[in-house]
Each structure stands twice: as C-alpha cells, then as structure tokens.
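>>> Here's a sequence, model it:
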Amino acid sequence: MTPTHGTRLTPAGLTQSSAARAGGVGESAPRPDGTLKVTGEFAYASDLWHEDMLWGHTLRSTVAHARITAIDTAEALATPGVYAVLTHDDLPTEVRHYGLEFRDTPVLAHGKVRHHGEPVALVAADHPETARRAAAKIRVDYAPLPVVTDEASATGPGAVLVHEDRDDHHAAHVPHPNVVHRQPVVRGDAAAAAARADVVVRGEYVFGMQDQAFLGPESGLAVPAEDGGVDLYVATQWLHSDLRQIAPVLGLPERKVRMTLSGVGGAFGGREDLSMQIHGCLLALRTGKPVKMVYNRFESFFGHVHRHPAKLAYEHGATRDGKLTHVRCRIVLDGGAYASSSPAVVGNAASLAVGPYVVDDVDIEALALYTNNPPCGAMRGFGAVQACFAYEAQMDKLAAELGLDPVDFRRRNAMSQGSVMPTGQVVDAPAPVAELLRRVKARPLPPERQWETTEGPDLRALPGGLSNTTHGEGVVRGVGYAVGIKNVGFSEGFDDYSTARVRIEAVAGEPVVTVHTAMAEVGQGGVTVQAQIARSELGVAQVTLAPADTTVGSAGSTSASRQTYMTGGAVKHTCEAVRERVLDLGRRKFGTYHPAWATAELLLEDGKVVTDGGEVLADLADVLGDQAVDLELEFRHRPTQPFDLRTGQGNGHVQYSFAAHRAVVEVDTELGLVKVVELACAQDVGKAVNPLSVTGQIQGGSTQGLGVAVMEEIVVDPVTALVRNPSFTDYLIPTILDTPPMPVDILELADTHAPYGLRGVGEAPTLSSTPAILAAIRQATGRALTRAPVRPEHLTE
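A predicted model of the protein is given here:
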C-alpha cells in the first residue's frame with residue numbers, strides 16, 4: 001500500500017507564526033519511535049519488569065446477569081505462590097465505583113454481575129500461570145436474573161432494571177431508568193416539510209458491535225512506594241482521567257498516585273476507560289510488592305468497552321429537483337451494562353445524524369440503553385460512524401428514487417462555510433464537502449479484471465483470495481461513494497484544555513529544548529508533532545520530549561481527533577511565551593549594541609536571533625548563557641455549549657472535519673465474498689502538520705471502516721448475552737491482503753480558529769469508508785444491504 005498524497009490545497013494568504021524549518025511544521029519529520037516499532041525493539045507496557053514483582057489476574061463472571069450468592073476464596077488462597085486474593089469486601093474505602101462521566105462501574109462486582117466478563121475477584125501470585133490457576137479455584141455461586149438485551153426488554157412492560165439505584169445527573173431527564181441518556185434535535189417543522197416533499201424514502205438499519213482490536217493488550221505495573229502511595233506505569237489514553245478515578249478508590253490523595261505512560265500498542269478509544277489500573281494498585285498496596293498485570297487476548301475482549309451497536313430508523317424527503325426537504329430519524333445505541341461515555345456518544349449521534357448536508361427541517365432522537373450486553377463507549381468516530389452508515393444509505397436510496405447521480409445529488413445538498421447545522425450552530429470554517437466528492441469521483445478507476453495475468457489468475461486479487469474459490473466466475477464490480485462529518489475535540493460545554501511545559505537552555509554551547517506534556521502517545525504520532533512545533537516556534541533543532549506523566553498538568557484524552565489541535569496548541573502557546581522571554585533576555589543583554597533589538601520584528605531561527613529581514617543579531621546560546629527559560633501553560637479552544645435537552649439546539653462543537661470516499665469492490669455473487677479493490681479518500685485537514693502522518697491516519701481510519709463493513713463484529717448471544725467470539729480467531733480484522741490501495745487527496749483549507757489552521761484528522765475517514773463500501777456492494781449485487789458488517793449470506797440466495 002503506497003501512500004499517495006495527491007493534491008494539497010492551501011488558500012492564498014494563509015500565514016503561520018513562523019516559517020517551516022527543518023523538521024518543523026509542514027514537513028514529514030520521521031517518528032522517533034518508528035524504527036524501534038518496526039524492528040520489534042520498542043518497549044510496550046506488556047514488556048514492563050520489576051525485580052521481585054508479582055503477577056495479577058482477574059476472575060471474571062461467566063454469566064451476564066445474576067445475583068452473587070457466595071464467593072469462596074479459601075482454595076485459591078491456599079495455593080502455593082499466591083500472595084493475595086481480593087473481592088469487593090476487601091476494598092479499602094467506601095468509594096467502590098468509578099466511571100468516565102459518572103461512577104456506576106464497580107471496582108469488583110458486589111451483589112450482582114451485570115455483564116459477561118465483569119471483574120469479580122483479583123489474585124496476585126509469583127507466576128502468571130499460578131495466578132491464573134488460583135483464580136480458577138475461586139468458587140462463585142450465581143442466581144440467574146432475567147437478561148436485558150435490546151430495547152424491548154430494556155424499556156418494555158415489566159422490564160428488569162440493570163441499575164436499581166441510579167442517582168446520576170441524567171436520570172431525571174430520561175423516559176426510563178434503563179435509558180442512559182436521550183438527546184432530541186428538533187429544528188423547523190419536519191412534519192410540514194414531509195407533506196411538501198415530492199419523494200420520501202424510509203429505511204431501517206443495523207450496525208454491529210465493533211472492537212477496537214488494538215494489538216497491545218491492556219497492561220501495567222503498579223509499584224508500592226515508601227510514602228504509602230503507588231507508582232503506576234500503564235498503557236492508557238488519558239493519565240489524569242485515570243488518576244481522578246483511581247485515587248478515591250485507593251483512599252489516597254492524587255499526589256500519592258504517580259502515573260507514567262508506558263508504551264501503548266494502539267487504543268482507538270478502548271483505553272479511555274479503566275481496565276487493570278485500580279486492580280493492579282490494589283494488589284500492590286495489599287502485598288507490598290510490585291504487581292504486573294497483562295491481559296491475554298481473550299480477557300482483552302472483556303477488559304475494555306466496544307463501539308455501540310445501533311438500530312437506526314430514517315426518513316428522508318426531497319423535491320423533484322433533488323433538494324432535501326427534511327430528515328426524521330431515531331437512533332438507538334446499546335450502551336451495555338455501564339454508562340462509560342455513552343451520554344457523549346448520544347450527543348454526537350444526535351447532532352451529526354443528518355450528515356454534511358443542508359436540511360432546514362429535522363426531527364431527531366438518539367438514545368443509549370443500559371442492557372446486560374458488554375459495556376460500550378469510545379471508539380474512533382464516537383457515534384458519528386453509525387449515523388453516517390445510515391444517512392449515506394438513505395442518500396443513495398433517495399438519489400435512485402429521483403433518478404439522479406448519487407454524487408451529484410450529494411453535492412447539490414452539501415453544506416459549505418456559513419451553513420447551519422441541525423443544532424443551529426453555524427459552520428464558521430471551510431466545509432468543502434462538494435469539492436471532496438468531486439475529487440474522489442474524478443479520480444481514474446482502477447483497471448478491471450486485475451487478476452488476469454499471462455500465467456493464469458492471481459488469486460490474491462480475487463474475492464476469497466488464496467482459498468481459490470473463484471477464477472473470476474460470478475465476480476461483479478461495484479463502485480460506491482460516501483461522505484461524512486465528524487466533530488473535533490470535546491463538546492457540549494466540557495472544559496477542554498491541554499497543558500505543556502517547555503524549557504530552553506544552552507547545553508555545551510548549543511540551545512536545547514525540552515517539551516513535557518501528559519499526552520498519551522498511542523500510535524497517532526503526537527510525539528513527532530510536538531517536536532515539530534517546538535522546532536518551528538523556537539528555531540532549535542535539538543528538541544527532547546520528556547516522558548508523559550502526571551507531574552505536569554493534564555493533556556486531556558488522546559481521542560476526539562484533538563491532540564494535535566489541543567496539545568499541539570498548548571506546545572505552540574507555551575513556545576510563543578518562551579520565545580518572548582528569550583527575546584527579552586536578548587534585549588537586556590544586547591539591546592544597546594544594535595537598534596534592531598528595539599525596532600525590528602525578531603525571530604528565532606537555526607539557533608539564532610534574527611530580524612524578519614534575515615539579519616543575525618545573536619546566537620541563542622549566548623542569549624541564554626547559564627539561564628534557562630522554563631514555562632508551563634494551559635491552552636483551551638473556544639467554549640462550547642451543552643445541547644438543549646428538549647430541542648438539541650446549541651453551539652455544541654468546536655470544529656468539524658470532513659472526508660469523502662470512493663470504494664471499488666469486486667463481489668463473488670455465488671459465494672458472497674467481497675474484495676475491496678480500491679478505497680480512495682479526499683479529506684480537508686486544515687494544515688498538514690506532518691503530511692506523511694496525516695496520510696497514515698487517513699489510511700488507518702479507512703481500514704477500520706473497511707473492517708466493520710465486511711468482517712468485524714463482536715457477536716453476542718441474543719438470549720444469554722454471552723460473547724461468542726472473544727478471540728482474533730473468530731473476530732476477524734483486515735490483514736494486509738484485505739487492505740487495498742488507498743490513494744489520498746489532502747486539502748488544506750485553514751480553520752482560522754485553530755493552531756496553524758489545522759483540523760483533527762484521525763476519525764473522519766472512519767465514517768465514510770464503511771458506507772462507501774456498502775454502496776459499492778449494493779451496486780454490484782442489487783441488494784438493499786441494511787446491516788453492517790455484510791456477511792456472505794446477505795449476498796447470496
């Protein structure tokens with residue numbers, strides 16, 4: 001798969017606070033962790049080691065909903081090599097729950113279990129296999145309870161409550177205790193608009209539960225400290241959010257829970273919630289020894305949240321000339337047993353439910369349910385993925401009813417700068433939806449029948465691949481298009497900020513910069529970007545990044561496509577302040593020797609102080625001497641507002657990002673096998689801080705969208721709520737043989753509200769890739785295909 005940048009558009013007149021420098025903003029600077037990762041030398045959290053450490057293991061429930069009538073740990077405690085066995089009764093404080101938005105998740109199950117795989121007990125032993133075997137000796141007696149698995153069983157007559165004693169701030173605003181959160185969005189008069197529509201189409205859609213499928217399992221090392229605290233080294237997405245949840249359970253002040261980021265093997269939202277963090281700390285403090293916990297792949301499927309499965313009902317109307325009149329929809333998300341980030345996912349699904357189109361009259365309802373299915377929360381795309389799948393299917397259906405080209409129909413209704421969202425928010429930055437669609441459509445199609453060679457069919461290019469299921473018989477090509485809209489950053493009035501500490505000093509006669517943030521590097525390339533920004537702003541080649549930990553202020557979560565905007569913005573903001581301090585030093589030291597110190601605009605370039613005309617005034621090392629400039633500052637984006645709970649109106653989002661895809665597929669219509677031949681994308685990124693990394697993010701997001709289009713789904717038994725496929729044997733993810741060429745067009749249309757005009761990149765391509773592939777399969781087969789992922793049986797008689 002060769003990265004293709006295509007054309008990069010930058011509007012005339014776009015300026016930056018400083019010009020691009022070697023390894024600076026706008027260049028494809030190499031990743032400092034890249035070589036180590038591809039050679040297998042990078043140290044991940046699962047590689048952590050400490051002398052005399054113990055191994056922790058979690059006993060998890062084997063049923064989805066039951067009363068716990070007894071727990072017997074005697075045999076496990078008697079196992080040689082076991083140092084501790086903990087249950088809910090052994091927790092050190094009365095704070096025994098945690099959670100991202102509100103505390104509803106028990107540290108260890110008490111009284112009942114609410115989902116398959118819920119933590120019930122912990123074991124610490126001198127060997128991981130000893131810990132596992134001891135955990136298997138713990139006897140837990142369950143009294144089964146009725147299982148809540150869908151909307152009918154959650155809110156129908158006689159529904160069993162998943163949580164009998166809700167006291168969160170959403171409880172007063174929902175129609176039933178098993179509804180986590182509900183968000184309507186109402187604008188205009190959808191009923192009156194429907195009466196005026198010339199054509200109305202309706203559809204019901206189902207979106208399956210997707211796993212983040214990160215390759216590095218949940219892992220960490222907790223080390224008890226002499227002051228009674230604990231040092232935790234862990235793979236996570238948000239150190240300070242973890243800290244806020246961990247410390248109260250341990251009964252410790254936050255200053256005594258010291259957290260350091262370890263090597264993270266992917267995240268995609270699955271590490272926003274806690275996994276082993278509290279458990280490892282509890283065992284370390286109980287035994288007085290370091291405790292390491294590493295989930296195996298089976299346990300990992302139960303150790304983190306997943307993407308919400310959804311049922312979506314849509315109605316779209318249009319005039320005969322192809323202008324949208326209204327959208328009515330209802331989106332039901334399955335949040336599983338605990339809230340996690342479901343309220344925020346609901347807000348996204350509701351506010352983005354119409355897509356990047358101008359529609360004056362809308363009536364939207366989105367809600368998330370409590371059920372006994374696995375907990376669901378953050379995953380790349382965060383509620384916008386499910387909605388995009390449905391509204392793009394609707395756009396194709398409506399275009400067909402009108403006899404219009406599906407791309408032309410979309411462009412006719414595409415939003416642009418100045419358009420108004422269904423929430424009433426004005427889109428005040430470029431929204432090049434029509435241009436993105438034009439670009440993917442204008443791209444030349446890949447040649448047909450690429451499997452044909454002079455030496456016979458190349459099976460790798462056919463549906464079914466090397467399984468040799470076809471040599472081209474029954475294979476039909478299809479082409480499909482889709483476009484999506486995704487918010488960037490935290491929304492709905494959340495105080496979203498990031499902190500950066502920047503230090504500049506002279507070492508051995510050369511200026512050196514150290515950047516310290518708590519940003520979690522989970523593979524997105526943030527460490528590269530931070531160094532690039534520091535080089536550009538301070539004109540220093542030597543930039544060192546300090547390890548991410550909680551001794552510096554919060555960087556927020558590595559999610560919501562926010563880190564380059566927010567932590568990059570914090571680094572830029574702090575570097576600007578550092579630069580001014582350095583220039584003040586220079587003026588005091590050398591101002592009397594040259595009038596330019598007082599009259600010219602001064603820059604830092606190549607380790608020197610220069611005028612904007614290029615005249616060198618001093619070496620940075622001479623300006624600094626034996627002094628260092630060291631500042632820690634916070635950066636915030638523009639404030640947002642909560643959505644009104646009745647109408648959904650409000651300026652809820654800080655920024656929007658847009659991506660469009662064209663998918664080319666070949667389908668073996670006899671066996672129902674699909675080969676994605678090409679998946680082209682055009683995306684506006686505002687400013688490509690690192691073009692190669694931007695391309696990688698777009699291709700990675702597109703690949704995850706491909707996965708949920710044709711193969712990825714956690715299968716939950718609809719009767720027992722037990723997970724059927726918790727392994728990479730049965731939960732399939734795309735391999736390199738499934739991943740097609742992905743040409744990318746990068747547009748750079750600056751959002752003037754953001755640092756360097758950039759937009760968050762990572763999530764938008766995950767939205768439109770899935771419906772584009774489904775649209776292509778529909779064209780090839782003529783089938784309606786209202787469910788993702790598509791299975792072979794959906795494509796055959």
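>>> now the stretch 101-250 of the chain, which segments are flagged as low pLDDT?
Nowhere does the stretch 101-250 of the chain drop to pLDDT under 70.
>>> what are the ranges of the strands in it?
Per DSSP state E, counting those that start in this stretch, the stretch 101-250 of the chain carries strands over the ranges 105-106, 112-113, 119-125, 139-144, 179-187, 199-207, 219-224, 230-234.
>>> Name every sheet partner of the helix or strand in which A313 is found and say whether each one runs parallel or antiparallel.
A313 is part of strand 310-318 when elements are defined by DSSP states H and E. Under the criterion DSSP bridges, strand 310-318 sits next to strand 199-207 (antiparallel), strand 324-334 (antiparallel) in its sheet.
>>> how far away is T720 from H65?
Distance, T720 to H65, by C-beta to C-beta, to the nearest Å: 9 Å. Bear in mind the C-beta positions are built from the backbone N, C-alpha and C, glycine included.
>>> Name the residues contacting each of the two.
When contacts are counted by C-beta atoms under 8 Å, 6 or more residues apart in numbering, T720 and H65 have V147 as shared neighbours.
>>> For Q563, give its distance to G762.
Counting by C-beta to C-beta, the gap from Q563 to G762 is 9 Å.
>>> Please apply the same query to L737.
From L737 across to G762, the span is 24 Å (C-beta to C-beta).
>>> quick one, which of the two is more surrounded?
Counting neighbours by other C-beta atoms under 10 Å for L737 and for G762 shows that G762 has the greater number, 28 against 10.
>>> For stretch 741-749, which residues meet the burial criterion?
Residues of stretch 741-749 classed as buried by neighbour count (16 or more other C-beta atoms under 10 Å): 742-749.
>>> Nearest to R778 among the residues you listed?
Nearest to R778 among the buried residues of stretch 741-749: M742, at 21.0 Å, using C-beta to C-beta.
>>> If we ignore the residues flanking it in sequence, what's nearest that closest one?
Distances taken as C-beta to C-beta, 6 or more residues apart in numbering place Q699 nearest to M742, at 4.6 Å, with adjacent residues excluded.
>>> wait, isn't L252 in contact with L232?
No - counting by C-beta atoms under 8 Å, L252 does not reach L232; the two are 11.2 Å apart.
>>> Which one of these two is surrounded by more residues?
L232 (27 against 19).
>>> what's downstream of the helix or strand where M566 lies, the next helix or strand?
In this structure, M566 sits in helix 563-590 according to DSSP H and E. Following helix 563-590 in sequence order, the next helix or strand is helix 596-599 (DSSP H and E).
>>> and that following helix, what other elements does it pack with?
helix 563-590 (3 or more C-beta pairs under 8 Å, 6 or more residues apart in numbering; DSSP states H and E).
>>> List the buried residues for the helix it packs on?
563-576, 578-579, 582-583, 585-587, 589-590.
>>> With stretch 82-90 instead?
82-88.
>>> go on, stretch 390-405?
Buried residues in stretch 390-405, counted by 16+ other C-beta under 10 Å: 390-399, 402, 404.
>>> L737 reaches G464, doesn't it?
No - using C-beta under 8 Å, L737 makes no contact with G464, being 11.0 Å away.
>>> Tell me which of the strands of the stretch 101-250 of the chain lies nearest to E521.
Here strand 230-234 is closest among the strands of the stretch 101-250 of the chain (C-beta to C-beta), at 13.2 Å.
>>> Show me what that closest one is in contact with.
Here strand 230-234 has contacts from 45, 48, 219-225, 242, 246, 250, 252, 256-262, 276-277, 280-281, 284-285, using C-beta under 8 Å, 6+ apart.
>>> that older thread, and T470, which of the strands paired with strand 310-318 is closest to it?
strand 199-207 (28.4 Å).
>>> That closest one: how far from the chain's middle?
Mean C-alpha position of strand 199-207 versus that of the full chain (C-alpha atoms, centre = their mean, to the nearest Å) differs by 27 Å.
>>> What of stretch 269-278?
The answer for stretch 269-278 is 14 Å, by C-alpha atoms, centre = their mean.
>>> Stretch 404-419 too?
27 Å.
>>> Now that stretch: buried residues?
Within stretch 404-419, the residues scored as buried using 16+ other C-beta under 10 Å are 404, 406-407, 409-415, 419.
>>> Which residue ranges of the stretch 1-150 of the chain form helices?
For the stretch 1-150 of the chain, helices defined by DSSP state H, counting those that start in this stretch occupy the ranges 34-38, 74-77, 128-136.
>>> which parts of the shortest one are buried?
Neighbour-count burial for helix 74-77, counted by 16+ other C-beta under 10 Å, picks out A76.
>>> Buried by neighbour count: which residues of stretch 203-216 qualify?
Neighbour-count burial for stretch 203-216, counted by 16+ other C-beta under 10 Å, picks out 203, 205, 207-214, 216.
>>> meant to ask about stretch 255-262, not that
257-262.
>>> wait, is V676 part of a strand?
Yes - V676 forms part of a strand when assessed by DSSP: H, G, I helix; E, B strand; the rest coil.
>>> so what's it closest to, chain neighbours aside?
P740 (4.7 Å).
>>> So for this protein, the centremost residue is which one?
R380 (3.2 Å; C-alpha atoms, centre = their mean).
>>> remind me which residues of the protein are low pLDDT?
For the chain, the ranges with pLDDT under 70 are 1-21, 797.
>>> one more time with 50
By pLDDT under 50, the low-scoring segments of the chain are 1-20.
>>> which one is D606 nearest to, not counting chain neighbours?
Excluding the flanking residues, the one nearest D606 by C-beta to C-beta, 6+ apart is G539, at 5.9 Å.
>>> Name the helix or strand for S768, please.
Using DSSP H and E, S768 maps to helix 764-781.
>>> Which strands or helices does whichever helix or strand comes after that helix pack on?
As assigned by DSSP H and E, the chain's next helix or strand after helix 764-781 is strand 787-788. Contact analysis of strand 787-788 by 3+ C-beta pairs under 8 Å, 6+ apart lists strand 199-207 as its packing neighbours.
>>> Apply 10 Å and report the result again.
Packing partners of strand 787-788 (3 or more C-beta pairs under 10 Å, 6 or more residues apart in numbering; DSSP states H and E): strand 199-207, helix 384-402, helix 691-710, helix 764-781.
>>> next structured bit after that strand?
If you walk from strand 787-788 toward the C-terminus, the next helix or strand you reach (DSSP H and E) is helix 792-795.
>>> Next up, the contacts around H279.
56-58, 86, 107-108, 119, 121-122, 124, 220, 222, 249, 291, 293 (C-beta atoms under 10 Å, 6 or more residues apart in numbering).
>>> what angle sits between the helix or strand containing it and helix 128-136?
Using DSSP H and E, H279 sits in helix 277-287. Relative orientation of helix 277-287 versus helix 128-136 (axes from the mean of the first three to the mean of the last three C-alpha atoms, to 10 degrees): 100 degrees.
>>> can you dump the C-alpha coordinates of helix 277-287 into PDB?
Provided in PDB are the C-alpha atoms of helix 277-287 (Å, rounded to 0.1, in the frame of the first residue of the first chain):
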ATOM      1  CA  GLN A 277      -5.300   0.300  36.800                       C
ATOM      2  CA  ILE A 278      -7.200   0.100  40.100                       C
ATOM      3  CA  HIS A 279      -6.800  -3.700  40.300                       C
ATOM      4  CA  GLY A 280      -3.000  -3.600  39.900                       C
ATOM      5  CA  CYS A 281      -2.700  -0.800  42.500                       C
ATOM      6  CA  LEU A 282      -4.900  -2.700  45.000                       C
ATOM      7  CA  LEU A 283      -2.800  -5.800  44.700                       C
ATOM      8  CA  ALA A 284       0.400  -3.800  45.000                       C
ATOM      9  CA  LEU A 285      -0.700  -2.000  48.100                       C
ATOM     10  CA  ARG A 286      -2.100  -5.200  49.700                       C
ATOM     11  CA  THR A 287       1.100  -7.300  49.100                       C
END
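>>> Please identify which helix or strand holds the closest residue to P32 other than its chain neighbours.
Spatial nearest neighbour of P32, excluding adjacent residues (C-beta to C-beta, 6+ apart): V527 at 6.0 Å. In the assignment (DSSP H and E), V527 maps to helix 526-538.
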